[in-house]
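Q: Quick one, what's the 3D model for this:
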Amino acid sequence: MARHSEQISRLVWVGLMALVMASSSVSADSAWTEDYTGAKQRARETNRDLLIYFSGSDWCSSCQKLEQEVLSQADFLKRVAKAYVLVQIDFPKSKQLDVATIAQNDRLQQEFQETYQLQGFPTLYLATADGVPYAKTGYQEGGPAAFSKHLAFLKRAKPMEDPGSQWIQDISIARAKAAYFGKDILMDFTGSDWCGYCIRLENQVFSKAAFKEKASQSFVFVKLDFPRRKKLPAHIVAQNERLFAEYSAKYELRGYPTLYLATAEGTPYGTAGYVPVSAKEYADGLVKMHQDNLKTRQQATTQEEEDS
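A: The predicted model follows:
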């Protein structure tokens with residue numbers, strides 16, 4: 001009798017485990033939807049964003065690698081499910097899709113190519129619930145945890161949202177935006193609440209529409225501030241101290257205000273400080289340095305292509 005009960009318990013346990021595994025498998029398989037309109041509706045109802053995945057699931061080797069290493073993993077799905085509704089826009093060669101899905105995917109491919117720089121597979125877009133992308137990415141090494149961390153940064157940085165004349169505190173976010181929009185970076189090392197010339201530069205130049213409209217066409221603005229009264233987030237304080245040490249050692253940073261003109265990758269090519277000129281004249285000078293350096297970079301790229 002005891003042995004019979006033990007066998008029954010074992011069978012029940014095995015059955016429960018099988019049910020759990022089947023449930024997990026179904027959960028992973030059903031996490032991605034092909035219904036774009038339905039995904040937007042669900043995102044609005046649940047206050048989530050969209051993670052839109054353009055793929056060639058049965059022929060694109062990078063897509064298959066990304067799916068195997070990250071997108072199908074339970075750890076990844078658990079991490080992203082709270083923040084995103086997952087929708088796959090697939091272009092298979094062997095697998096058959098229904099006519100409506102094919103038409104939907106063709107329309108979305110054209111729209112994203114024309115508007116959001118879709119170029120190939122795999123490409124993932126982070127978008128609002130209404131389908132407006134604010135970041136895009138592709139295959140990244142490191143597995144589910146690293147990819148989730150990468151998405152978290154993109155959600156915070158929103159590189160596809162133009163900052164305009166806004167001054168950004170986080171250099172990583174500024175670089176991401178500059179790279180996407182093809183702009184350079186204007187870094188302002190400043191003591192905003194105590195440095196007299198910094199305050200003059202802010203009041204006479206940076207706050208003026210003539211400066212904002214002109215300079216923001218070429219630059220993403222970054223304020224690296226060292227205030228005495230105002231409190232900054234701890235990670236920004238640490239970042240600014242690190243950059244001050246780096247630029248003091250490499251690029252002769254000595255005091256405030258000092259501005260560096262740099263590529264999106266962060267390589268400086270020009271400096272500026274306070275000068276008693278109009279906001280327009282100040283912006284014109286910065287843009288001239290940008291244009292001259294851009295021309296030099298383009299010439300170097302052309303030369304490299306000819307040499308190769």
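Q: quick one, domains of the chain?
A: For the chain, automatic domain parsing gives the domain ranges 30-157, 167-307.
Q: Throw those into JSON lines and include mean neighbour count and mean pLDDT, thanks.
A: From N, CA and C alone the C-beta is placed, and that goes for glycine too. JSON lines is the format used below for the domains of the chain (neighbours: other Cβ atoms under 10 Å; pLDDT from 0 to 100):
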{"stretch": "domain 30-157", "mean neighbour count": "16", "mean pLDDT": "96"}
{"stretch": "domain 167-307", "mean neighbour count": "16", "mean pLDDT": "96"}
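Q: I'd assumed Val87 was in a strand, is it?
A: Yes: checked against DSSP: H, G, I helix; E, B strand; the rest coil, Val87 lies within a strand.
Q: so who does the residue lying closest to it once chain neighbours are set aside touch?
A: Leaving aside its sequence neighbours, Val87 sits nearest to Ala39 (Cβ to Cβ, 6 or more residues apart in numbering; 4.0 Å). By Cβ atoms under 8 Å, 6 or more residues apart in numbering, the contact list for Ala39 reads 33, 50, 85-87.
Q: ok, which pair from those is furthest apart?
A: Thr33 and Leu50 (10.3 Å; Cβ to Cβ).
Q: quick one: common contacting residues for the two?
A: With Cβ under 8 Å, 6+ apart, Thr33 and Leu50 have common neighbours 39, 85, 87.
Q: And the helices in the chain?
A: 2-30, 36-46, 61-66, 74-80, 99-116, 143-157, 171-181, 196-201, 209-215, 234-251, 279-307 (DSSP state H).
Q: Go through those and name the closest to Gly131.
A: helix 36-46 (5.5 Å).
Q: Can I get that closest one in PDB, CA atoms only?
A: The C-alpha trace of helix 36-46 is given here as PDB (Å, rounded to 0.1, in the frame of the first residue of the first chain):
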ATOM      1  CA  TYR A  36       1.200  44.800 -34.800                       C
ATOM      2  CA  THR A  37      -2.100  46.600 -34.400                       C
ATOM      3  CA  GLY A  38      -3.000  44.300 -31.500                       C
ATOM      4  CA  ALA A  39       0.400  44.800 -29.900                       C
ATOM      5  CA  LYS A  40      -0.100  48.600 -29.900                       C
ATOM      6  CA  GLN A  41      -3.500  48.200 -28.400                       C
ATOM      7  CA  ARG A  42      -2.100  45.900 -25.600                       C
ATOM      8  CA  ALA A  43       0.800  48.300 -25.000                       C
ATOM      9  CA  ARG A  44      -1.600  51.200 -24.500                       C
ATOM     10  CA  GLU A  45      -3.900  49.200 -22.200                       C
ATOM     11  CA  THR A  46      -1.000  47.900 -20.000                       C
END
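Q: mind listing what Thr101 touches?
A: Per Cβ under 8 Å, 6+ apart, neighbours of Thr101: 34-35.
Q: any idea how far Arg48 is from it?
A: For Thr101, the distance to Arg48 equals 22 Å [Cβ to Cβ, to the nearest Å].
Q: One more: Thr301?
A: 41 Å.
Q: And for Val275?
A: Here the criterion is Cβ to Cβ. By it, Val275 lies 49 Å from Arg48.
Q: Gly164 contacts Glu213, correct?
A: No: contact criterion Cβ atoms under 8 Å: Gly164 and Glu213 do not qualify, at 9.4 Å.
Q: Restrict stretch 89-98 to CA atoms and write it as CSV.
A: Below are the C-alpha coordinates for stretch 89-98, written out as CSV (Å, rounded to 0.1, in the frame of the first residue of the first chain):
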residue,chain,number,x,y,z
ILE,A,89,7.8,41.5,-38.1
ASP,A,90,9.1,38.5,-39.9
PHE,A,91,10.3,37.9,-43.5
PRO,A,92,10.8,34.2,-43.8
LYS,A,93,11.7,32.3,-47.0
SER,A,94,10.3,28.9,-46.2
LYS,A,95,7.8,29.5,-43.4
GLN,A,96,4.3,30.4,-44.6
LEU,A,97,2.6,33.5,-43.2
ASP,A,98,-1.0,34.4,-43.7
